[in-house]
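Visitor: quick one, fold the following:
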Amino acid sequence: MQVDPAELSPGELVSRIQDAVERDRAGIIVIDSLNGYLNAMPEERFLTIQLHELLTYLGQSKVATLLIGSQHGLIGSQMSAPVDASYLADSVILMRYFENRGEVRQAISVMKKRGGPHERSIREFSLDGGRIRVGEALSEFRGILTGVPEYEGAHSPLMAKDAT
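Guide: Below is the predicted model:
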């Protein structure tokens, strides 16, 4: 369901989510984005308290929850998130733009995973034609997370445009 944060309070959103879980037996909830949710809250501390309560409820109801948070800025070390909800999450996945050979590319990495080991590499990824493509680890680069990588390898591991 698409929700306009200017028309629906965070409390009303929580009520609709609870209805979807109880009435419709929703198994997954996606909040895209936390930025809109934050803009509807008068103070950030209320947002984190309400998010904690909502995520506790959803976890106890065996509902998978995805929270999408946009960062301010596009490329470089000046990027920042408007709210840090990572302590509430079981897993945190960072998706980042970076520049390579005159193109804006995308990288993905697992920053946090509760309950076991996780992939520590930074990999290129793309969303093309409804498909998610994850490439090889970008091990021959340094600085991917800054958005301006430096190539240090003998050959480029980046995905070819026609790779599947």
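
Visitor: and the strands in this structure?
Guide: Using DSSP state E, the strands found in the chain span residues 28-32, 64-68, 91-100, 103-113, 123-128, 131-137, 141-142, 150-151.

Visitor: contact partners of the fifth one?
Guide: Translated: strand 123-128. Strand 123-128 is contacted by residues 95, 105-109, 132-138, 157-159 when judged by C-beta atoms under 8 Å, 6 or more residues apart in numbering. C-beta: built from backbone N, CA, C; applies to glycine.

Visitor: if we use 7 Å, what do you get?
Guide: Under the contact criterion C-beta atoms under 7 Å, 6 or more residues apart in numbering, strand 123-128 has outside partners 105-108, 132-138, 158-159.

Visitor: low pLDDT regions in the chain?
Guide: Low-confidence segments of the chain, defined by pLDDT under 70: 5-6, 40-45, 71-85, 147, 155-164.

Visitor: mind redoing it with 90?
Guide: 1-16, 30-53, 55, 65-107, 109-120, 127-130, 136-164 (pLDDT under 90).

Visitor: which residues in it form helices?
Guide: Listed in chain order, the helices of the chain (DSSP state H) span 10-22, 34-39, 44-60.

Visitor: okay, domains of the chain per the record?
Guide: The chain breaks down into these domains under automatic domain parsing: 1-89, 90-159.

Visitor: would you mind saying which of the strands of the chain lies nearest Gly11?
Guide: Set against Gly11 and scored by C-beta to C-beta, the strands of the chain come closest in strand 28-32, at 14.3 Å.

Visitor: quick one: Asp19 from Leu88, how far?
Guide: Going from Asp19 to Leu88 by C-beta to C-beta, to the nearest Å gives 22 Å.
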